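In: Build me a structure from this.
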Amino acid sequence: MTRPGARVSEVAPSRRPAAPRVRTIAAVPSLSDLGQLPKRLVLGRPVRSDRVGESLLPKHLALPIFASDPLSSVAYATQEILIVLTLAGTAFLFLAPWLAVLVVLLLTVVVLSYRQVVHAYPSGGGDYEVAMKNHGQFAGLTVASALLTDYVLTVAVSVSAGTDNIISAFPTLNEHRVLIAVGLVALLAAANLRGLRESGKTFAVPTYLFVAGIMVMIVTGLVRDFMTDSPVVAESASWSITPEPGYETLGGLALVFFVLRAFASGCTALTGVEAIANGVPAFRPPKSRNAATTLALMGGIAATMFAGVTAMALLADVKYAEHTCDLVGFPGDCETDPQRTVIAQLAAATFGGDTSVGFFYIQAATALVLILAANTAFNGFPLLGSVLAQDRFMPRQLHTRGDKLVYSNGILLLAGFAALLIVAFDADPNRLIQMYIVGVFTSFSIGQWGMVRHWNRELRGTEDRQQRAQMRRSQLINTIGGSITTIVLAIIVITKFTRGAWLVILVMPFIYLLMRAINRHYSNVSRQLVPDTDARTLPSKVHAVVLVSKVHKPTLRALAFARATRPDVLTALTVNVDDAETRGLQADWDRYDIPVPLTVLESPYREITRPVVDFVKDIRRSSPRELVVVFVPQYVVGHWWENVLHNQSALRLRTRLQFQPGVMITSVPWQLESSMGHDGAPAGGPAPGDLRRGLTDENEHTPYG
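Out: Predicted coordinates:
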């Protein structure tokens with residue numbers, strides 16, 4: 001008998017006479033359950049598992065999905081360099097273009113290095129897989145902890161920076177900063193829960209509008225500066241900056257440390273580059289080639305925009321300080337009024353003020369792309385979580401796809417942690433960004449040195465000259481990438497440790513130890529569940545125990561089911577906590593002529609659970625090979641509050657009995673009237689569950705005794 005709403009198809013048996021018929025039951029989703037309505041409004045209809053190939057991405061959608069983070073980082077990477085340089089006033093702003101050149105060169109090296117990764121490891125594990133296969137478990141889990149931390153920070157930083165740009169256009173929203181940021185995280189999570197292709201279409205337009213807008217702003221600004229008499233001048237060009245104490249006269253090692261710190265801040269332009277290597281399975285075939293092409297496009301566009309914005313900021317003489325009150329000439333209240341972001345100042349100066357269409361276009365596109373840049377993490381985190389879960393380093397739930405063929409649990413987990421960070425740091429991108437790139441460059445460095453080992457191993461097994469030459473070239477690229485990213489990682493840790501990086505350095509070992517503990521648990525469980533001879537040994541006999549509180553329909557149903565199993569011994573068991581009630585029960589037992597003796601356990605202290613557990617233990621103690629099956633009648637209710645009024649004794653008994661070896665617990669559900677209609681059947685007439693309620697037809701309410 002099949003449940004309503006299901007299709008049954010039968011596969012013809014093979015010619016062997018002993019082969020059984022195979023029945024395949026395919027569930028048909030139904031939207032009739034009102035409890036599913038909110039979920040369906042957010043997510044839409046579920047998608048069949050056999051349509052997973054339809055969610056694969058072409059390059060024009062993969063670019064905004066996986067590269068929105070590095071593309072959008074131009075909105076704050078230049079600003080981060082200026083924040084550090086202006087700690088010493090305006091004396092060292094001349095270093096900004098040289099630092100930008102170094103960042104662009106580093107971006108080029110990293111992109112070239114990751115092109116080798118997507119070809120060698122197209123399964124989507126990225127740096128984690130590279131480290132695990134070439135360095136071992138310690139390095140692999142270190143990379144995984146770094147990437148997981150980085151993805152959470154990507155969401156927090158991107159959404160906070162997007163909120164910052166919204167506030168630059170509408171300063172009155174500053175007091176609602178945290179609420180806006182958390183709400184945006186929730187919207188992003190909902191969009192991603194709807195599926196890859198749907199979120200890709202949603203995010204593609206703002207990303208391309210942002211790229212087009214920044215390119216137009218850069219070209220317009222450069223044309224005005226070099227080909228007209230109206231150069232671009234920022235609103236802060238006439239301001240000056242008060243140096244922070246101790247930064248007035250930098251020299252020697254202090255100056256070197258200062259410059260390295262500014263360079264480390266500019267390296268935020270590289271965040272998110274690794275997401276494409278982790279998202280190769282989401283590309284259309286040929287996956288590796290399409291991912292490598294997308295990487296090259298992303299690198300070229302990001303480098304061009306970052307260099308252009310930095311050049312424009314210097315030509316327009318933008319001033320931006322870590323503390324607004326250090327800006328001499330700032331027109332507002334430096335304690336409460338926010339300063340405009342670098343992008344906002346450039347847009348206003350280029351397009352004719354903060355009321356121009358161009359200004360609002362750039363601010364809207366920048367805010368949108370920064371918010372949507374978090375989508376890089378919403379795709380990378382669940383994919384990495386799925387790989388880790390498959391390797392038993394994360395809960396298995398992270399490996400399960402949801403209704404829309406996305407890893408829903410990973411998306412929800414990421415959104416929760418990101419919202420927590422936003423609240424903890426008041427959605428301040430300048431505070432969050434100090435922790436941002438530690439994890440990025442940790443995975444960069446370990447992954448690139450892992451690729452060097454990979455090519456060493458491949459070279460030992462290859463004799464073809466042309467292939468060896470190609471491998472040598474790839475190995476050289478990864479060696480350069482590993483060397484540079486390791487140096488940058490050291491710079492980041494040294495220069496940013498006291499400014500927030502210490503928190504990431506503390507969290508990463510915790511995540512590493514957590515993953516090791518999860519893996520040990522799964523390994524122990526697997527070891528314990530390996531079949532052996534004892535698992536196949538039949539019990540000497542079966543002793544069924546039916547728990548009795550009153551003579552009513554649930555009790556008679558449980559007795560009927562127990563008798564149907566044909567046990568060797570059948571015991572109807574009750575606990576005497578009230579003499580009068582027990583005598584009444586015995587009288588009812590005799591009156592209904594129930595063909596099973598009633599066993600009464602005395603309980604002078606009015607306990608129910610302990611006497612039943614002790615009775616079961618005594619059975620097992622006297623006959624260790626005997627299987628005890630305890631039948632527990634249980635009400636099925638339709639309202640949450642009814643559970644408070646019923647089933648408490650049954651719950652306590654099941655909880656205690658499940659820890660007893662050789663004991664099985666069988667719940668016998670009895671549906672009360674309040675539960676009718678909750679299984680999708682019509683409220684009137686015969687329905688699924690009538691058997692549990694003991695109804696033979698619409699009008700007959702006689703229990704099966």
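In: Where do the strands of the stretch 251-400 of the chain begin and end?
Out: Under the criterion DSSP state E, counting those that start in this stretch, strands of the stretch 251-400 of the chain are mapped to 327-328.
In: Please enumerate the helices of it.
Out: Using DSSP state H, counting those that start in this stretch, the helices of the stretch 251-400 of the chain run over 253-266, 275-278, 287-315, 342-351, 357-390.
In: What mean pLDDT does the longest one get?
Out: The average pLDDT for helix 357-390 rounds to 84.
In: and if you look at the shortest one?
Out: Averaging pLDDT along helix 275-278 gives 77.
In: Same check on the first one?
Out: Model confidence over helix 253-266 averages 87 on the pLDDT scale.
In: Which residues does it contact?
Out: By Cβ atoms under 8 Å, 6 or more residues apart in numbering, the list of residues contacting helix 253-266 from outside reads 77-78, 80-81, 83-85, 87-88, 92, 95, 99-100, 102-103, 247, 250, 433, 437, 488, 491-492, 494-496. To be clear about C-beta, it is placed using only N, CA and C from the backbone, and glycine gets the same treatment.
In: got the angle for it vs helix 287-315?
Out: Counting by axes from the mean of the first three to the mean of the last three Cα atoms, to 10 degrees, helix 253-266 lies at 130 degrees to helix 287-315.
In: Buried residues of helix 253-266, list them for me.
Out: Neighbour-count burial for helix 253-266 flags 258-266 (criterion: 16 or more other Cβ atoms under 10 Å).
In: cool, and the last one?
Out: When burial is assessed from 16+ other Cβ under 10 Å, helix 357-390 yields the following buried residues: 358-359, 361-389.
In: May I see the buried residues of the helix or strand just after it?
Out: On the C-terminal side of helix 357-390, the closest following helix or strand by DSSP states H and E is helix 408-424. Neighbour-count burial for helix 408-424 flags 408-411, 413-415, 417-419, 421-422 (criterion: 16+ other Cβ under 10 Å).
In: for stretch 212-220, same thing?
Out: 213-214, 217-218.
In: where are the low-confidence patches of this protein?
Out: Along the chain, segments meeting pLDDT under 70 span 1-55, 195-203, 402-405, 532-537, 643-644, 646-648, 675-705.
In: how is it carved up into domains?
Out: Here the domain parsing of the chain from automatic domain parsing is 58-518, 539-693.
In: Of those domains, which is nearest residue 527?
Out: domain 58-518 (12.3 Å; Cβ to Cβ).
In: Please report the distance of residue 601 from residue 615.
Out: 6 Å (Cβ to Cβ, to the nearest Å).
In: okay, and the common contacts of these two?
Out: By Cβ under 8 Å, 6+ apart, the residues touching both residue 601 and residue 615 are residue 573.
In: Redo the buried residues of helix 253-266 as JSON lines? Include distance to residue 531.
Out: Listed next are these as JSON lines, based on distance: Cβ to Cβ, whole Å:
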{"residue": "258", "distance to residue 531": "65"}
{"residue": "259", "distance to residue 531": "64"}
{"residue": "260", "distance to residue 531": "59"}
{"residue": "261", "distance to residue 531": "60"}
{"residue": "262", "distance to residue 531": "62"}
{"residue": "263", "distance to residue 531": "59"}
{"residue": "264", "distance to residue 531": "55"}
{"residue": "265", "distance to residue 531": "58"}
{"residue": "266", "distance to residue 531": "58"}
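In: between those, which is nearest residue 512?
Out: For those, the residue nearest residue 512 by Cβ to Cβ is residue 264; the value is 23.6 Å.
In: where does the closest one sit relative to residue 146, distance-wise?
Out: From residue 264 over to residue 146 (counting by Cβ to Cβ), the distance is 16 Å.
In: can you map out the strands along the protein?
Out: Secondary structure of the chain (DSSP state E): strands located at 6-11, 22-27, 240-241, 327-328, 542-547, 569-576, 598-602, 627-636, 663-671.
In: Mind putting the ones you listed into a markdown table with distance to residue 515 and mean neighbour count?
Out: Putting the strands of the chain into a markdown table (distance: least, Cβ to Cβ, whole Å; neighbours: other Cβ atoms under 10 Å) gives the following:
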| stretch | distance to residue 515 | mean neighbour count |
| --- | --- | --- |
| strand 6-11 | 39 | 9 |
| strand 22-27 | 34 | 10 |
| strand 240-241 | 45 | 18 |
| strand 327-328 | 45 | 16 |
| strand 542-547 | 42 | 23 |
| strand 569-576 | 46 | 20 |
| strand 598-602 | 47 | 15 |
| strand 627-636 | 38 | 22 |
| strand 663-671 | 33 | 18 |
